[in-house]
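*Asks:* Predicted model and sequence follow; I will ask about them next.
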Amino acid sequence: MRVKKRSLIALLALAVCVLPGYWLWLSLRPVEVIAVHDNGNHSYVLVRNFPQTDMGKINWWLKNKDTLKEKYNIPNPSSSGYFTVIFWNFGVGYKEEGKYDRLCFDDMKIRINCIEKDAVFSVDKSRNFGTTFTAYDGDNYRLGQNGDIIKVGSD
């Protein structure tokens, strides 16, 4: 009985150490921008290792938006100044259209030009709402006039 208790305590202690370590490792991996596609209305950014939390995603955007503009010319606002940038999980890579409901990129002139639809984050700038952030597995947020991030609810 005593051995079982000690084994259980050791197992729990191991889990308490391993799980936060794994979460820390996930959060410290650098975001990898694989490709950027533009269809005139939206910019699509294919990424790996995107932050897991809503605030991690927003903070990554705020920290890297100037670099994205310099390197990839995104966001690319319309003549009215508004834009949409959607970040997609790149997953295992490009695939053929084959399966229903894949996102395909017409700017690629090869058959293997689609990804599984797995949006992780988007940034929109519009007249009515200003800059808004959507975490597809979380909530929606708005950038306040003083730079504060304001939670506006879920989809």
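*Replies:* That came through, no problem. In this text, all values refer to a predicted model and were calculated from it rather than measured experimentally.

*Asks:* Need the three-state assignment for residue 128.
*Replies:* Using DSSP: H, G, I helix; E, B strand; the rest coil, the structure places residue 128 in coil.

*Asks:* Look at it and say how many residues are nearby.
*Replies:* 6 (other Cβ atoms under 10 Å). Where you see a C-beta, it was placed from the backbone N, CA and C, and this is true even at glycine.

*Asks:* Relative to residue 142, how far out is it?
*Replies:* 11 Å (Cβ to Cβ, to the nearest Å).

*Asks:* Residue 60 now?
*Replies:* On the measure of Cβ to Cβ, residue 60 and residue 142 end up 17 Å apart.

*Asks:* Low-confidence bits of the protein, can you list those?
*Replies:* Counting by pLDDT under 70, the ranges of the chain that qualify are 1-3, 10-11, 13-29, 154-155.

*Asks:* residue boundaries of the strands in it?
*Replies:* 32-38, 43-48, 83-89, 95-96, 102-104, 112-116, 119-126, 130-135, 140-143, 149-153 (DSSP state E).

*Asks:* Run through who's touching the second one.
*Replies:* Meaning strand 43-48. Identification of contacts with strand 43-48 by Cβ atoms under 8 Å, 6 or more residues apart in numbering yields 31-38, 68, 72, 74-76, 83-90, 103, 105, 115, 120.

*Asks:* again with the fifth one
*Replies:* Strand 102-104 is contacted from outside by 44, 88, 95, 97, 113, 114, 115, 116, 117, using Cβ under 8 Å, 6+ apart.

*Asks:* So the third one is in contact with residue 111, correct?
*Replies:* To tie it back to what came earlier, the one meant is residue 95. No. Judged on Cβ atoms under 8 Å, residue 95 makes no contact with residue 111 at a distance of 9.6 Å.

*Asks:* Wait, residue 107 touches residue 38, no?
*Replies:* Yes. Between residue 107 and residue 38 there is a contact under Cβ under 8 Å: 7.4 Å.
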